[in-house]
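K.L.:
Kindly return the folded structure for what I paste below:
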Amino acid sequence: MDEVPAGLRVAVLVKHVPDAQFDRHIDAEDLTTVRNESILSELDEYALEAALQLVEAQGGSAAGHRVTALTMGPSAAVGAVKKSLQIGADDGVHLTDAALGGSDAAATSKALAALLEHTGPFDVVLTGMASTDGETSLVPAQLAERLSLPQVTFAASLELAREDTGWTLTARRDNDTFAETVVAPLPALVSVTDQINEPRYPNFKGIMAAKKKQIRILSLADVGLDADEVGPAGSWTRVEAAAPRPPRTQGIVITDEGDAGIRLVDFLAGQKLL
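P.N.:
Numbers count the residues shown, from 1 in each chain. Reported below is the predicted structural model:
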């Protein structure tokens with residue numbers, strides 16, 4: 001494989017999401033997810049690992065290549081960037097503004113597109129296949145459209161190669177019964193699945209090194225957006241109502257008195273499961 005020219009820039013979009021180990025809650029007033037006890041989205045760790053492997057295969061930061069972790073959200077969302085720096089990203093960017101609260105996928109993609117255009121250009125933009133809170137998988141495709149980039153979704157492997165027309169990114173997409181190979185010119189936007197790699201963990205050296213890495217804090221005004229372009233005002237969808245999940249009811253216990261099989265079949269038939 002030929003060497004990528006110095007200065008390859010890879011952006012990884014990361015998100016601060018509620019820890020799945022705890023119950024999720026909806027704020028009763030603004031109907032948004034309560035983000036206490038939040039962590040870096042697990043699915044974004046696969047995208048970060050893919051970015052690190054791409055640049056390391058070409059010589060890493062020593063050869064002038066960089067991985068930048070970007071996020072948007074409240075002040076606590078910077079935690080996702082800090083974790084990314086500890087794992088190996090070279091620098092980070094945090095877009096934060098009170099107006100961003102309540103953004104749906106469309107408003108989120110608009111804000112992230114403005115952030116990428118302001119901090120770029122990037123050769124590759126990587127995302128996870130979904131966020132572990134919203135799980136819509138809509139943002140990558142919307143971002144590609146807003147940025148006029150070729151997109152590759154649900155990639156299970158990635159590699160760079162030189163073609164006659166320039167550098168290309170080759171991805172394998174795995175389906176239930178077959179796999180397909182997709183080739184895209186750079187710059188490109190790619191979402192990766194949780195089958196692409198095994199994300200690394202931050203070690204002591206990485207944690208200490210992260211303290212010296214730069215995190216840029218930007219506002220909506222910095223990236224050229226107005227408050228009414230994001231949040232509820234800039235969203236295409238909205239939550240009308242939310243209610244706590246009803247408690248589980250006690251199941252039906254069938255005691256075997258010689259007719260348990262018949263009663264079980266009758267129950268399944270009554271539930272239209274037979």
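
K.L.:
can you map out the helices along the stretch 51-200 of the chain?
P.N.:
78-87, 105-119, 139-147 (DSSP state H, counting those that start in this stretch).

K.L.:
Of those helices, which stretch is the most buried?
P.N.:
Burial of the helices of the stretch 51-200 of the chain is given as mean neighbour count (mean count of other Cβ atoms under 10 Å); helix 78-87 ranks first at a mean of 23. Glycine gets a C-beta too; all of them are placed from N, C-alpha and C.

K.L.:
Show me where the protein has its strands.
P.N.:
Secondary structure of the chain by DSSP state E: the strands cover 9-13, 16-18, 38-40, 66-72, 91-95, 124-128, 151-155, 157-163, 166-174, 179-185, 188-192, 215-218.

K.L.:
For the helices of the stretch 51-200 of the chain, give me a markdown table that also has distance to Glu257 and mean pLDDT.
P.N.:
A markdown table is the format used below for these (distance: least, Cβ to Cβ, whole Å; pLDDT from 0 to 100):
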| stretch | distance to Glu257 | mean pLDDT |
| --- | --- | --- |
| helix 78-87 | 57 | 95 |
| helix 105-119 | 54 | 96 |
| helix 139-147 | 56 | 95 |
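
K.L.:
Adding distance to Ala99, write those helices out as TSV.
P.N.:
Shown next, in TSV, are the helices of the stretch 51-200 of the chain (distance: least, Cβ to Cβ, whole Å):
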stretch	distance to Ala99
helix 78-87	17
helix 105-119	9
helix 139-147	18
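
K.L.:
what about those helices, which gets the closest to Gly234?
P.N.:
Checking these against Gly234 by Cβ to Cβ gives helix 105-119 as the closest, at 4.2 Å.

K.L.:
With respect to Ala241, which of the helices of the stretch 51-200 of the chain lies nearest?
P.N.:
Here helix 105-119 is closest among these (Cβ to Cβ), at 19.5 Å.

K.L.:
Give me the contacts around the closest one.
P.N.:
Applying Cβ atoms under 8 Å, 6 or more residues apart in numbering, the external contacts of helix 105-119 come out as 11, 13, 68, 70, 72, 93, 95, 100, 103, 122, 125, 134, 136, 138-139, 142-143, 146-147, 216, 218, 220, 222-225, 229-231, 234-237.

K.L.:
Which ChimeraX command selects the buried ones in those?
P.N.:
Buried residues within the contacts of helix 105-119, by 16 or more other Cβ atoms under 10 Å, are selected in ChimeraX with:
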select :11,13,68,70,72,93,95,100,103,122,125,134,138,139,142,143,146,147,218,220,223,225,229,230,231,234,235
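
K.L.:
quick one: Ser103 from Lys213, how far?
P.N.:
Here the criterion is Cβ to Cβ, to the nearest Å. By it, Ser103 lies 27 Å from Lys213.

K.L.:
So Val183 sits against Gly166, correct?
P.N.:
No: judged on Cβ atoms under 8 Å, Val183 makes no contact with Gly166 at a distance of 11.8 Å.

K.L.:
quick one, which of those two is more surrounded?
P.N.:
Neighbour count, other Cβ atoms under 10 Å: between Val183 and Gly166, Val183 has more, with 13 against 8.

K.L.:
what bridges to that one?
P.N.:
Using DSSP bridges, the beta-bridge partners of Val183 come out as Thr170.

K.L.:
Could you list which residues are in contact with it?
P.N.:
Val183 is in contact with Thr168, Leu169, Thr170, Ala171, counting by Cβ under 8 Å, 6+ apart.

K.L.:
at 10 Å instead, please
P.N.:
Applying Cβ atoms under 10 Å, 6 or more residues apart in numbering to Val183 gives the contacts Pro150, Val152, Ala161, Glu163, Thr168, Leu169, Thr170, Ala171.

K.L.:
Give me the distance between the closest residue to Leu100 other than its chain neighbours and Leu126.
P.N.:
In space, Leu100 comes closest to Val230 once its chain neighbours are excluded; the distance is 5.4 Å by Cβ to Cβ, 6 or more residues apart in numbering. Here the criterion is Cβ to Cβ. By it, Val230 lies 22 Å from Leu126.

K.L.:
looking at it, the residue nearest to Leu100 is touching Leu220, isn't it?
P.N.:
Yes: using Cβ atoms under 10 Å, Val230 is in contact with Leu220, at 6.8 Å.
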